[in-house]
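Engineer: Can you look at this prediction? I've put the sequence above it.
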Amino acid sequence: MDPVATRRNGLVSRVSGPLVEIEGVAGLSMLELISLGPQRITAETVAIVGNKATLQAYEYTGGLKAGDVATATDAELSALMGPGLLGQVFDGLMRPLSSAPMWLTPDRSGSTGDRTVLAREWAFVPTAVAGAKVSPGEVLGTVPDSGSVEHRVLVPVGVSGELSWIAPEGKVQVLDPIAVVAGHQVSLAHPTPIRRPRPFRIRHSDTVPLHTGQRVLDLMFPVARGAAAAVPGGFGTGKTMMLQQIAKWSDADVIVYVGCGERGNEMADVLDGLSQLEDARTGGKLIDRTVIIANTSNMPMMAREASIFTGIAVAEFYRDMGYDVVVIADSTSRWAEALREFANRNGDLPAEEGYPANLASELAAFYERAGRVTTLGGNTASVTVIGAVSPAGGDMSEPVTTDSQRFVRSLWMLDRDLAYSRHYPAVSWTGSFARDTDELGSWHAANGQPGWASRRARAVALLAEADRLAELAEIIGQASLPGHEQVLLLGGRLLRDGVLMQNALNPNDGFCSADKGAALLDGVLDVVDACQRLLDRGVAAATIESADFSPLLRAREDFGPSDGAGVRERCGQAIAALEALQ
């Protein structure tokens with residue numbers, strides 16, 4: 001027996017759920033993968049003291065016992081990145097799941113050893129020429145039949161020099177060599193460590209908006225490409241539905257949807273919806289440019305901890321091809337619960353509400369991988385991260401919510417009262433914020449919308465004033481308010497019901513273009529101005545209140561998602577009807 005191989009084996013000494021302690025394995029390194037017991041359970045090294053090590057197991061440890069063999073693998077947690085990811089569902093360790101929406105069952109052989117994946121042949125079309133000098137990130141060829149966006153085969157990181165050979169156009173398997181660069185064989189797919197960010201040339205500081213198709217976000221609390229956003233909200237406030245809408249309608253090239261600890265039926269609904277929805281950009285199905293990482297609540301807990309990093313690694317893989325990618329993590333609270341579970345089993349000193357003391361740094365490590373960059377290949381591309389937060393009991397002061405606010409550029413706080421009054425998306429205009437509004441206002445001004453910033457500022461001020469007056473009206477009665485304040489209350493109501501509310505089930509209202517959103521907001525503000533002019537002419541506030549505003553409120557559902565002209569015509573008719581009041 002090889003003495004080196006013997007030294008790389010050890011024994012399990014303790015098992016406590018996902019926490020496993022081993023001893024006797026020489027030369028271990030942090031984050032090294034260990035294979036445990038006869039079932040070869042995958043675990044990762046998280047602490048080393050002498051010849052003993054603490055591991056977190058990514059699979060169910062039932063049946064694993066003290067004395068079982070632990071074998072070091074000389075590898076870290078990686079995912080096989082290559083063609084065939086788009087349109088598919090994987091678990092938190094990037095193992096393929098069944099494609100049937102109702103049965104999410106992992107293939108226990110693992111993604112790097114799955115015979116079906118490795119045996120499939122792909123059409124490879126070379127674009128580089130033998131003899132050329134190539135560097136990391138340059139395109140060697142494409143795989144045209146891998147999803148609805150072009151799959152580009154890149155020179156791997158750390159490889160550069162002369163392209164001495166490139167495969168001709170034809171069918172190849174994912175691990176077959178398709179090129180040789182400076183003596184290094186390049187294949188269609190390669191393992192990528194999920195915890196190690198992929199390198200890039202430059203991180204951009206300028207801002208470009210990500211259009212989500214949700215008016216309350218795009219008009220009031222926008223997010224920039226390459227930024228991060230958090231969506232805290234209690235049970236029943238509509239987090240999952242809003243995130244699904246963003247996945248369906250945002251103008252990203254690729255969507256990575258991470259179901260982290262959520263219910264299996266919710267993930268099945270996501271998969272079913274994306275599979276049926278037609279993608280207006282490509283003409284195919286939306287699922288064909290989506291990767292789903294499904295680590296549901298009934299799957300091993302520590303694989304949940306790895307799932308969001310798996311999702312980020314997939315996003316960076318497509319970012320390096322030159323695409324804008326959105327990562328949706330639903331929810332980071334379930335991920336934090338996995339951290340807390342393992343820390344408690346390990347005997348770590350608990351911090352606030354039992355979470356580990358490094359919770360903030362772990363959240364930062366996740367959100368900081370967002371960014372709009374120049375890739376190694378010279379393309380400008382981005383990864384935008386949107387993380388849901390599910391605070392227990394709707395307590396917005398709990399650690400995951402408060403720590404997330406420190407690291408994101410946009411916060412979309414969901415309000416229980418709005419949700420219970422059937423106002424969706426239930427985004428609170430008092431608790432939400434967007435830190436990039438000034439920069440995005442400059443971008444809009446330079447791209448044909450000079451009034452974007454002033455329009456948003458006026459809407460925010462109108463909502464704040466209407467909320468203040470609503471509290472006062474509950475005490476003294478609305479009729480006791482001066483006429484101009486009654487008009488402000490009316491304007492706040494029109495803004496909430498005619499612009500910020502959005503019906504995800506209506507084909508005209510589920511998605512809203514930038515032009516239609518601007519038309520709706522301009523129309524409501526113009527109507528408020530018209531009401532103020534009527535007051536100045538001596539028309540009573542009660543008479544203005546009695547006007548029929550229903551055509552204005554129905555405009556968002558009566559006109560198509562991009563029909564800004566129709567909305568403007570309807571708003572003009574509403575103003576004309578108001579002007580006729582005596």
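Structural biologist: Structure's in. What do you need?
Engineer: Average pLDDT for stretch 193-208, rounded please.
Structural biologist: The average pLDDT within stretch 193-208 is 94.
Engineer: now what about that stretch, what contacts it?
Structural biologist: Residues outside stretch 193-208 that contact it (C-beta atoms under 8 Å, 6 or more residues apart in numbering) are 31, 76-79, 94, 136, 157, 192, 224-227, 306, 309-310, 312-313, 316-317, 319-320, 369, 371-376, 378, 380, 436, 439-440, 443. (C-beta placed from N, C-alpha, C; glycine too.)
Engineer: rerun at 7 Å
Structural biologist: With contact meaning C-beta atoms under 7 Å, 6 or more residues apart in numbering, stretch 193-208 is reached by 31, 76-79, 157, 224-225, 306, 309-310, 313, 316, 320, 369, 371-376, 436, 439-440, 443.
Engineer: And for stretch 526-537?
Structural biologist: 483-484, 487, 490-491, 494, 541, 544, 552, 571, 574-575, 578-579, 581.
Engineer: For PyMOL, write a command that selects the buried ones of those residues.
Structural biologist: Of the contacts of stretch 526-537, the buried ones go into a single PyMOL selection, burial set by 16 or more other C-beta atoms under 10 Å:
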select buried, resi 483+487+490+491+494+541+544+552+571+574+575+578
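Engineer: Among the contacts of stretch 526-537, give me the pair with the biggest separation.
Structural biologist: For the contacts of stretch 526-537, the farthest-apart pair by C-beta to C-beta is 483 and 571; their separation is 22.4 Å.
Engineer: Partner strands of the helix or strand harbouring residue 259 and their direction?
Structural biologist: If you go by DSSP states H and E, residue 259 is part of strand 254-260. The pairing partners recorded for strand 254-260 under DSSP bridges are strand 290-295 (parallel), strand 324-330 (parallel).
Engineer: next helix or strand past that strand?
Structural biologist: Next along the chain from strand 254-260, counting by DSSP H and E, comes helix 264-276.
Engineer: ok, so what distance separates residue 287 from residue 26?
Structural biologist: Per C-beta to C-beta, to the nearest Å, residue 287 is found 47 Å from residue 26.
Engineer: Please read the previous query as pertaining to residue 10.
Structural biologist: Distance from residue 10 to residue 26, counting by C-beta to C-beta: 8 Å.
Engineer: now residue 472
Structural biologist: In terms of C-beta to C-beta, residue 472 sits 74 Å off from residue 26.
Engineer: again with residue 556
Structural biologist: 67 Å.
Engineer: returning to that earlier point: out of residue 287 and residue 26, which sits in the more crowded spot?
Structural biologist: residue 287 (25 against 12; other C-beta atoms under 10 Å).
Engineer: Just give the nearest non-adjacent residue to the more buried one, would you?
Structural biologist: residue 274 (4.3 Å; C-beta to C-beta, 6 or more residues apart in numbering).
Engineer: hang on, that neighbour packs against residue 289?
Structural biologist: No - assessed by C-beta atoms under 7 Å, residue 274 is found out of contact with residue 289, at 9.5 Å.
Engineer: could the strands paired with strand 254-260 go into JSON lines alongside distance to residue 118 and mean neighbour count?
Structural biologist: Below are the strands paired with strand 254-260 laid out as JSON lines (distance: least, C-beta to C-beta, whole Å; neighbours: other C-beta atoms under 10 Å):
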{"stretch": "strand 290-295", "distance to residue 118": "18", "mean neighbour count": "28"}
{"stretch": "strand 324-330", "distance to residue 118": "25", "mean neighbour count": "27"}
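Engineer: ok, of the ones you listed, where does mean pLDDT dip lowest?
Structural biologist: Taking the mean pLDDT of those, strand 290-295 comes last: a mean of 92.
Engineer: just how off-centre is the helix or strand following that strand within its chain?
Structural biologist: As assigned by DSSP H and E, the chain's next helix or strand after strand 290-295 is helix 301-319. Averaging C-alpha positions (C-alpha atoms, centre = their mean, to the nearest Å) puts helix 301-319 11 Å from its chain's average.
Engineer: residues making contact with stretch 342-349?
Structural biologist: With C-beta under 7 Å, 6+ apart, stretch 342-349 has contacts from 16-19, 54, 56, 302, 350, 354, 356-357.
Engineer: now those residues in CSV, with neighbour count, secondary structure and distance to residue 208?
Structural biologist: Output for the contacts of stretch 342-349, formatted as CSV (neighbours: other C-beta atoms under 10 Å; DSSP: H, G, I helix; E, B strand; the rest coil; distance: C-beta to C-beta, whole Å):
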residue, neighbour count, secondary structure, distance to residue 208
16, 12, strand, 48
17, 17, coil, 45
18, 23, coil, 41
19, 22, strand, 44
54, 20, strand, 44
56, 25, strand, 38
302, 28, helix, 37
350, 13, coil, 41
354, 12, helix, 40
356, 20, coil, 36
357, 12, coil, 37
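Engineer: Can you tell me the SS state at the closest residue to residue 321 other than its chain neighbours?
Structural biologist: Distance criterion C-beta to C-beta, 6+ apart; nearest residue to residue 321, sequence neighbours excluded, is residue 152 at 4.4 Å. Following DSSP: H, G, I helix; E, B strand; the rest coil, the label given to residue 152 is strand.
Engineer: Let me see the contact set for residue 152.
Structural biologist: 139, 142, 321.
Engineer: what's the burial count for the second one?
Structural biologist: When counting by other C-beta under 10 Å, one arrives at 18 neighbours for residue 142.
Engineer: ok, now which ones touch it?
Structural biologist: For residue 142, the contact set (C-beta under 7 Å, 6+ apart) comprises 125, 127, 150-153.
Engineer: Can you give me the neighbour number for the nearest residue to it once chain neighbours are set aside?
Structural biologist: Spatial nearest neighbour of residue 142, chain neighbours left out: residue 125 (5.0 Å); criterion: C-beta to C-beta, 6+ apart. The number of residues packed near residue 125 is 14, by other C-beta under 10 Å.
Engineer: helix or strand for residue 125, which one?
Structural biologist: Element membership for residue 125, per DSSP H and E: strand 121-126.
Engineer: same thing with residue 164?
Structural biologist: Since the elements are taken from DSSP H and E, residue 164 ends up inside strand 161-166.
Engineer: Direction included, what does that strand pair up with?
Structural biologist: Going by DSSP bridges, the partners of strand 161-166 are strand 133-134 (antiparallel), strand 177-181 (antiparallel).
Engineer: residues contacting residue 373?
Structural biologist: Counting by C-beta under 7 Å, 6+ apart, residue 373 has contacts 200, 202-204, 381.
Engineer: repeat that for 10 Å
Structural biologist: By C-beta atoms under 10 Å, 6 or more residues apart in numbering, residue 373 lies in contact with 198-204, 226, 316, 319-320, 379-383.
Engineer: May I ask you to confirm that residue 500 is in contact with residue 219?
Structural biologist: Yes - between residue 500 and residue 219 there is a contact under C-beta atoms under 10 Å: 8.0 Å.
Engineer: Have a look at those two and say which one is more surrounded.
Structural biologist: More crowded of residue 500 and residue 219, by other C-beta under 10 Å: residue 500, with 26 against 21.
Engineer: residue ranges of the strands in the stretch 401-550 of the chain, please?
Structural biologist: 410-411, 433-434 (DSSP state E, counting those that start in this stretch).
Engineer: of those, which approaches residue 40 most closely?
Structural biologist: Going by C-beta to C-beta, the one of those nearest residue 40 is strand 410-411, 42.8 Å.
Engineer: Distance-wise, check residue 387 relative to residue 370.
Structural biologist: Counting by C-beta to C-beta, the gap from residue 387 to residue 370 is 10 Å.
Engineer: which residues does residue 336 contact?
Structural biologist: Per C-beta under 10 Å, 6+ apart, neighbours of residue 336: 260-261, 304-305, 353, 355-356, 359, 362-363, 389-390, 398-400, 403-404.
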